[in-house]
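# need the 3D shape of this:
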Amino acid sequence: MRFIFWIMITLSFSALAVTQDIKNFSKDDMWQSVKISPKGDFISGVTKIEGKKVIVLFDAKTLKPIHSLKFKGYEQPGEYFWASEQRLVTEKEYLKGWQDTPVTYGEFYGINANGYQAKYIFGYQTASASFSKNMWGELLDPMPENDKYMLITAKEMSRTGEHLPKVYRINIKTGSKKELVQSPVMFAKFLTDQHHNIRFVTGVDEDNQYKTFLYKDEKWLSTAELNIENESFNPISINGDKNQVYATYSQNGEPAGLYLFDLDTGNKVKIFQHDKVAITSFKKDKSGQIYALEYDDGYPVTKIITPNNPEAKVLTKLIKKLEGYSVSVASETLDGNTKVVFAYNQFNPGDYLLYNVEKDELIFMFSKRPWVDVNKSANVVPFNFKARDDLEISAYVTLPLGSDYLKDAKNLPFVVNVHGGPHGVRDYLQYNQENQLYASKGIGVLQINYRGSSGYGYNFEKLGYMHWGDKVQYDIIDGINSLIHKGIADKSKLCIVGGSFGGYSALQSAIIEPDLFKCAIGVVGVYDLELMHKIGDIQTRSSGQAYLNKVIGENKADLKTFSPINNLDKLKASIFIIHGGEDKRVPVEHAKNLKKGLLKFNINHEWLIFDDEGHGFYKPEHREKVYQRSLTFLERELKIGI
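Residues are numbered from 1 along each chain as shown. Coordinates of the predicted model:
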């Protein structure tokens, strides 16, 4: 009881803070992963107490906290779900003493809503007890209506993770398991139907080639055997009891659309396909029918597919009630009458609300970041421009208060914030705390979905392959030049920042156009393309090596040419390098070698290393330090306020 009271006091105090200082931009979200139990008696959500995640359970009627799941020492709950009305199952995370970012070993831990019958039900601790192999598990299907089982995918632990996954049925109370099927491909994602039968698997082979298989009569059938001629076929949902599957599909590398495939004939019917962007999310009912989808061409758009579907009617009501917000159902009861709704926009990181369908009643529950004052949040607007080769590029601009629209913005200092990836990632119109921090100080921010970004079709993505160091950077440079030519950005006050590939771009763009940027901030960045083939966690897997060969190649001369570390003599910008000492994706050697080069060429630079962080910064106090140092660096180099 004392701990619950402490939670109430802590959360109430945090909710009072509305100041827009650096600490508030650096904080962890107060609430994440809010869910309702299958029959609606409980609401649950993840918060942090003293730096550790805690799952808090509330009475759904009163929203008063009644119980919490908090592990001892360096352990904390990770992703979780309701496996039945009375039982939660969570992954286990560990905060290692030598590394701040939590790690997981694919364990599952079950506990009743009243705090009893706590037990490891899958993972290496159960394996040790039964002398079986250590395995790494991931949730496949919680099957919450049966009160007894759930489905997981699991594979034997190894350094590379390249064992073929299997599907197991797990008893949520005892942990007893039964093997059901093994995947024919690595890094597999299985799809079940509404009866919890395994129907499809997608994954990659050793050559990093995407593959899809149908499970039928205890055999795996390839897409060719289904008379489906294209490997872009990606199954999404089984359509009720019909032998049909909804899938995304792209015939010639254009943005994938939503199709309905007949699994007996291979015939397909196109339901929706946008000419510029891929679909970002789908909304389906309990029978598996997709009734709505969302795509992001500038602003996010929700499109209702089947207006007469009962769930579509509910969603339409919610969109009207929450005008100006993107709306999704985060969780719902088995009968569908009570739903946890998540609503967000560019001004608001997101709110969780409870909706009763029968009463048509919408009740506010929690804010993701309640200290954010939406009236002081900067606006984010879409911005399109033509690259030098006439390719159309989409972007977003975050504008300081007082310049709420592009037409209002004049000669602003600007930061180009480059997303990582570069492939499989894109920017969206949403609240971004780093960009909002810069905007709060009068700095505009440009985000660019350069060629190679995902979400615009395979043809657009592959334009970035083998062009990390030139054409991708030209898109970034052309984007900020477009804002300069429109009089929006002040050409004398520009900086470029980014993390991972974005850190690479910060240095590479500043090298290509040495007179354009006054400064560059590289965060956990890649600075030596040759080194990617030698160290890090990508090249340790055969599929990872195949990926590197495809996107940057093996030609040593080209890798040297397009590596910032080999072109530092061209730099004029001041540099700020930030890295994590335990980064496995881009090891700290990239930063250390870069620093040697910066010293050799006497380039003005700053340096910040967190020995216990990985590929990103987990601790709020570390993010606060990064933001504070970065902002001080920007204000000095761009002469803001001078």
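
# contacts only, for the residue lying closest to residue 411 once chain neighbours are set aside.
Leaving out its chain neighbours, the residue that sits closest to residue 411 by Cβ to Cβ, 6 or more residues apart in numbering is residue 490, at 4.3 Å. Every residue, glycine included, has its C-beta placed from N, CA and C. Going by Cβ atoms under 8 Å, 6 or more residues apart in numbering, residue 490 touches 411, 412, 413, 414, 484.

# give me that answer again for 7 Å
411, 412, 413 (Cβ atoms under 7 Å, 6 or more residues apart in numbering).

# can you tell me the strand partners of the helix or strand containing it and which way each runs?
Here residue 490 sits within strand 489-499, counting by DSSP states H and E. Paired neighbours of strand 489-499 in the sheet (DSSP bridges): strand 412-418 (parallel), strand 519-523 (parallel).

# now the longest one: mean pLDDT?
Translated: strand 412-418. Strand 412-418 carries an average pLDDT of 98.

# output it as CSV, nothing but the C-alphas.
Extracted in CSV, the C-alpha atoms of strand 412-418 (Å, rounded to 0.1, in the frame of the first residue of the first chain):
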residue,chain,number,x,y,z
LEU,A,412,15.6,31.6,-39.3
PRO,A,413,18.6,29.8,-37.9
PHE,A,414,18.2,26.2,-38.9
VAL,A,415,19.2,22.7,-37.9
VAL,A,416,19.0,19.8,-40.4
ASN,A,417,18.1,16.8,-38.3
VAL,A,418,18.9,13.7,-40.4
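
# which outside residues touch it?
Here strand 412-418 makes contact (Cβ under 7 Å, 6+ apart) with 400, 403, 434-435, 438, 442-448, 476, 480, 483, 488-490, 493-498, 502, 505-506, 634, 638, 640.

# among those, which are in strands?
444-448, 489-490, 493-498 (DSSP state E).

# does the residue lying closest to residue 239 once chain neighbours are set aside count as helix, strand or coil?
With sequence-adjacent residues excluded and distances taken as Cβ to Cβ, 6+ apart, residue 239 is closest to residue 288, at 5.6 Å. Secondary structure for residue 288, judged by DSSP: H, G, I helix; E, B strand; the rest coil, is coil.

# next, count neighbours for residue 288.
22 (other Cβ atoms under 10 Å).

# just to revisit the earlier point, and of the ones in strands among the contacts of strand 412-418, the nearest to residue 208?
residue 498 (24.7 Å; Cβ to Cβ).

# what about that closest one, distance to residue 431?
19 Å (Cβ to Cβ, to the nearest Å).

# redo the strands paired with strand 489-499 as JSON lines? Include distance to residue 181.
Shown next, in JSON lines, are the strands paired with strand 489-499 (distance: least, Cβ to Cβ, whole Å):
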{"stretch": "strand 412-418", "distance to residue 181": "42"}
{"stretch": "strand 519-523", "distance to residue 181": "42"}
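
# most packed of those?
Burial of the strands paired with strand 489-499 is given as mean neighbour count (mean count of other Cβ atoms under 10 Å); strand 519-523 ranks first at a mean of 28.

# all helices for the stretch 401-550 of the chain, in order.
Using DSSP state H, counting those that start in this stretch, the helices found in the stretch 401-550 of the chain span residues 433-440, 458-462, 471-485, 501-512, 529-532, 542-551.

# could you single out the most deeply buried of those?
helix 501-512 (a mean of 28).

# confidence score at residue 154?
93.

# burial measure for the residue nearest to residue 264 when sequence neighbours are not counted, as a count.
Take residue 264 and drop its neighbours on the chain: the residue closest to it by Cβ to Cβ, 6+ apart is residue 243, 5.6 Å away. Neighbourhood size, residue 243 [other Cβ under 10 Å]: 13.

# ok, residue 577 - contacts?
522, 591, 594, 595, 605, 607.

# now do the SS call for it.
Residue 577 falls in the strand class when you classify it by three-state DSSP.

# equivalent analysis for residue 602, please.
Once three-state DSSP is applied, residue 602 turns out coil.

# now it: how far from residue 568?
Residue 602 is 10 Å from residue 568, by Cβ to Cβ.

# neighbour count winner among those two?
residue 568 (19 against 7).

# isn't that one right up against residue 595?
No. If you go by Cβ atoms under 7 Å, residue 568 and residue 595 don't touch, sitting 10.6 Å apart.

# for residue 629, phi and psi?
phi -70, psi -40 (degrees, to the nearest 10).

# which residues touch it?
With the criterion set at Cβ under 7 Å, 6+ apart, residue 629 makes contact with residue 608.

# follow-up on the earlier one: ok, which of the strands paired with strand 489-499 comes nearest residue 466?
Of all the strands paired with strand 489-499, strand 412-418 comes closest under Cβ to Cβ, at 18.5 Å.

# hmm, back to that, any idea of the pLDDT on the residue nearest to residue 411?
97.

# what of residue 124?
pLDDT, read off for residue 124, is 73.

# the spatially closest residue to it that is not a sequence neighbour and residue 177, how far apart?
The shortest distance from residue 124 to any non-neighbouring residue, by Cβ to Cβ, 6+ apart, is to residue 134 (4.3 Å). Applying Cβ to Cβ, the value for residue 134 to residue 177 is 14 Å.

# of those two, who's got more company?
Neighbours were counted for residue 134 and for residue 177 using other Cβ under 10 Å; residue 177 has more, 21 against 15.

# contact partners for the more buried one?
122, 168, 169, 170.

# and the pLDDT for residue 129?
So, for residue 129, pLDDT stands at 46.

# just residue 132 next, same as before
49.

# what about stretch 303-317, start to end distance?
Stretch 303-317 has an end-to-end distance of 13 Å (criterion: Cα to Cα, to the nearest Å).

# and what of stretch 418-425?
First-to-last residue span, stretch 418-425, Cα to Cα: 11 Å.

# swap in stretch 378-396?
12 Å.

# so how far is it off the chain centroid?
Chain-centre distance of stretch 378-396: 22 Å, with Cα atoms, centre = their mean, to the nearest Å.

# and it, which residues are buried?
378, 379, 380, 381, 383, 385, 387, 391, 393, 394, 395, 396 (16 or more other Cβ atoms under 10 Å).

# what's that stretch in contact with?
Against stretch 378-396 from outside (Cβ under 7 Å, 6+ apart): 298-299, 346, 397-401, 404-406, 427, 429, 436, 439, 446-451, 474-475, 478-479, 482.

# nice, that's everything, thank you.
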